[in-house]
Structures are given as structure tokens and as C-alpha cells.
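> Coordinates only, no sequence provided:
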């Protein structure tokens, strides 16, 4: 495993982290404690030290499974979670952005994670109107001073949201989370350069393009009704899978699996600190971790760096 500094947070994070939306049960399967223990246990063995979760991956369900899995090992992990939504049911959320609501979410997250602090607490894909609340950031920075939050971050949406990215330093955020993958490169235009200018760490979310770059799917495949991808438009699914086949034929090096290559491709961008793919099995953990070992060359980023 390789490690990088997460911008000015100074956290040393593994270049591959564990994304955990799937633990909330919205990606086609349910997870019990034993399966989460195995996934995180293997991740730890391979040197992965960052877990990204959220309050609304289930009603703090993902956080609770993580908290139980890492009990007694808290100091060995960097935990990033998020705020701004309440879980009502499968793919059903309410927004909750007031300082009082967010403070309650933080306390609930700490209880679920069985910890007294979060390493990175992220504004979760909220609108600019919710972002523009000085009293919200005052409350959150108070929690930083109190030791319940080590660092603040922004999980932006859409992935072209320069309004929030350019103001990250003003609100005390040290890291940006953004959708970035081989099929969706919009963040390269303005967001990633803005992160470099401010020395913001970058967590690349959806680095496998919701599984399309995992190498598991072929044109014509369908997703289970309880899988969030079942909501994607058919044209989008078809176009993505056709593009993946073109990438497999034209860009994938011989002997390299698609998932590892796709993650390594993201990590070649000099702004990206860490990729946070979802992992449903020990086998996926192992495949994703292999991305750290790949030494790729991206001709579209001649100044990209490894390690």
C-alpha cells in the first residue's frame, strides 16, 4: 500500500480507501456484521486505513457496522463520515442542514461509530444555499476545537461545483470529495485545479463509475430492483457499458484487471489523494488494493505522479 498526505489536513491516508454506501443495503445486497468484519479486516491487513461512510447509508447503519467491526482498533483507522441528510427508507432522504440538526447528526454518528471523534466530517452533497450558513460553520468549527471533529471536508455535488470548492478554505475545510473516474472527468476542468491551488486533499468517489469499470458487466446486463443502479436510464447504462468495452480493448494493459486499472487511472492525477470504491467482498478488497501497486502512465497528464 502507498500513502499520501490528505492536503492540509496532514492526515496520511492509504491511496485506496473503503467506500461503504453498500453497507446501508442500497446496492443490491444486505450486509451482516460478520461480512463487514471480514471486509474491513482484510482491508486492514492490506494496509488500507481510510473508511468513508455517511449518516444516511441506512439510518446510521453503515456507521454502526463499521463501529462494531473496528472496536478496540479505532486509532488504526481514519474515519470520514458526512452530514446533511436523514434516512427515511430505501433511497429516500430528507435534508437537514440547520446547525441544530447537524449537531444531532454528529452525536448520532459518534454513537454509531463507537468513538468520541471523527477524523473528517464532510458537508454531504448539499446545495449552495445550505452551504452559505456562517452559523453552521461556526458550530462545526466549535466541534473541531472541542475535539469531536479533527478536520472538516466537503463532498460536493455536482462534480463541477466550484462555488463550494473555491470557498473550502474560508469555512475551514481541508479536503474535497468528488465524483471522478474514467467515464466522468468533469472535475478535471476546474475543481481539481482549485483543490491543488488550495492544498486540499481529494477523495475520488465513484472511481469505478458505479461498478461499470469493475469489469463485471457486459452490454445488456440489468441490475436488481433493490440496487440503486436500477434507477439509471437505460441509455446511460448502455452507453457506459459500450464505452467500457472500448476502454477494455484500447486502454487496458495486458494482464491487468479492469477494476485495479480504473482505480490506478484516477490516482495518476496529481490532485487525487485517495480513491474510495465500494467493496462488497474480500475478493473486491484485494482487487482494489492492487491498484496501489500499478505503475501506469497517463499521456493526458504528463505531470502525474506515483506514490
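Thanks, I have the structure now. Treat the numbers as computed from the prediction; the structure is a model and nothing was measured.

> Now the closest residue to residue 113 other than its chain neighbours: phi and psi?
Spatially, and ignoring its direct neighbours in sequence, residue 113 is nearest to residue 67 (4.1 Å; CB to CB, 6 or more residues apart in numbering). Every residue, glycine included, has its C-beta placed from N, CA and C. The phi and psi values for residue 67, taken as degrees, to the nearest 10, are phi -60, psi -40.

> Show the contacting residues for residue 67.
Listed by CB atoms under 8 Å, 6 or more residues apart in numbering, the contact partners of residue 67 are 112, 113, 114, 115.

> okay if I get those as CSV plus distance to residue 238 and neighbour count?
Converted to CSV, those look like this (distance: CB to CB, whole Å; neighbours: other CB atoms under 10 Å):
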residue, distance to residue 238, neighbour count
112, 38, 22
113, 39, 26
114, 43, 16
115, 43, 21
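
> What about those residues, which are in helices?
With DSSP state H as the criterion, helices contain 112, 113 from among the contacts of residue 67.

> can you name the two of the contacts of residue 67 that are farthest apart?
Greatest spacing in the contacts of residue 67, by CB to CB: 112 and 115 (9.1 Å).

> Neighbours of residue 34, how many?
By other CB atoms under 10 Å, the residues close to residue 34 number 9.

> Over to residue 234?
Going by other CB under 10 Å, the residues that sit close to residue 234 add up to 8.

> Distance of it relative to residue 241?
11 Å (CB to CB, to the nearest Å).

> which stretches of the stretch 101-250 of the chain form helices?
For the stretch 101-250 of the chain, the helices defined by DSSP state H, counting those that start in this stretch occupy 128-131, 134-146, 162-166, 168-171, 191-198, 234-250.

> Tell me the buried residues in the second one?
Of the residues in helix 134-146, those buried by neighbour count under the rule 16 or more other CB atoms under 10 Å are 136, 137, 139, 140, 143.

> Check the offset of that helix from the chain's centre.
From the chain centre to the centre of helix 134-146 is a distance of 23 Å (CA atoms, centre = their mean, to the nearest Å).

> Which neighbouring elements make contact with that helix?
Secondary-structure packing of helix 134-146 (3 or more CB pairs under 8 Å, 6 or more residues apart in numbering; DSSP states H and E): helix 99-113, strand 149-155.

> possible to save the ones you listed as TSV with distance to residue 11?
TSV is the format used below for the helices and strands packed on helix 134-146 (distance: least, CB to CB, whole Å):
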stretch	distance to residue 11
helix 99-113	17
strand 149-155	7
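
> will you turn the ones you listed into TSV that also has distance to residue 124 and mean pLDDT?
Listed next are those as TSV, based on distance: least, CB to CB, whole Å; pLDDT from 0 to 100:
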stretch	distance to residue 124	mean pLDDT
helix 99-113	9	98
strand 149-155	5	98
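
> Out of these, which is the most enclosed?
Mean neighbour count (mean count of other CB atoms under 10 Å) peaks for strand 149-155 among the helices and strands packed on helix 134-146, with a mean of 23.

> For residue 270, which of the helices of the stretch 101-250 of the chain is the nearest?
helix 191-198 (7.0 Å).

> Show me what the closest one is packed up against.
Counting contacts by 3+ CB pairs under 8 Å, 6+ apart, helix 191-198 packs against helix 162-166, strand 173-179, strand 201-205.

> Can you check what angle separates the longest one from helix 134-146?
With axes from the mean of the first three to the mean of the last three CA atoms, to 10 degrees applied, the angle from strand 173-179 to helix 134-146 works out at 110 degrees.

> Can you list the strands that strand 173-179 pairs with?
strand 149-155 (parallel), strand 201-205 (parallel) (DSSP bridges).

> And the contacts of it?
By CB under 8 Å, 6+ apart, strand 173-179 touches 6-9, 52, 80, 120, 122-123, 151-159, 165, 168, 186-187, 191-192, 195, 200-206, 273, 276.

> quick one: low-confidence ranges for the stretch 151-300 of the chain?
Low-confidence segments of the stretch 151-300 of the chain, defined by pLDDT under 70, span residues 219, 226-227, 229-230, 296-300.

> With distance to residue 266 and mean neighbour count added, can I get the helices and strands packed on helix 191-198 in TSV?
TSV is the format used below for these (distance: least, CB to CB, whole Å; neighbours: other CB atoms under 10 Å):
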stretch	distance to residue 266	mean neighbour count
helix 162-166	17	18
strand 173-179	11	26
strand 201-205	5	26
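
> Tell me which of these lies nearest to residue 215.
Closest approach to residue 215 among those (CB to CB): strand 201-205, 18.2 Å.

> angle of that closest one against helix 191-198?
In terms of direction (the same axes, to 10 degrees), strand 201-205 departs from helix 191-198 by 160 degrees.

> Please enumerate residues in contact with strand 201-205?
Outside strand 201-205, the residues that touch it by CB under 8 Å, 6+ apart are 5-9, 11, 13, 17, 19, 52, 80, 153, 155, 174-181, 192, 195, 266-267, 271-276.
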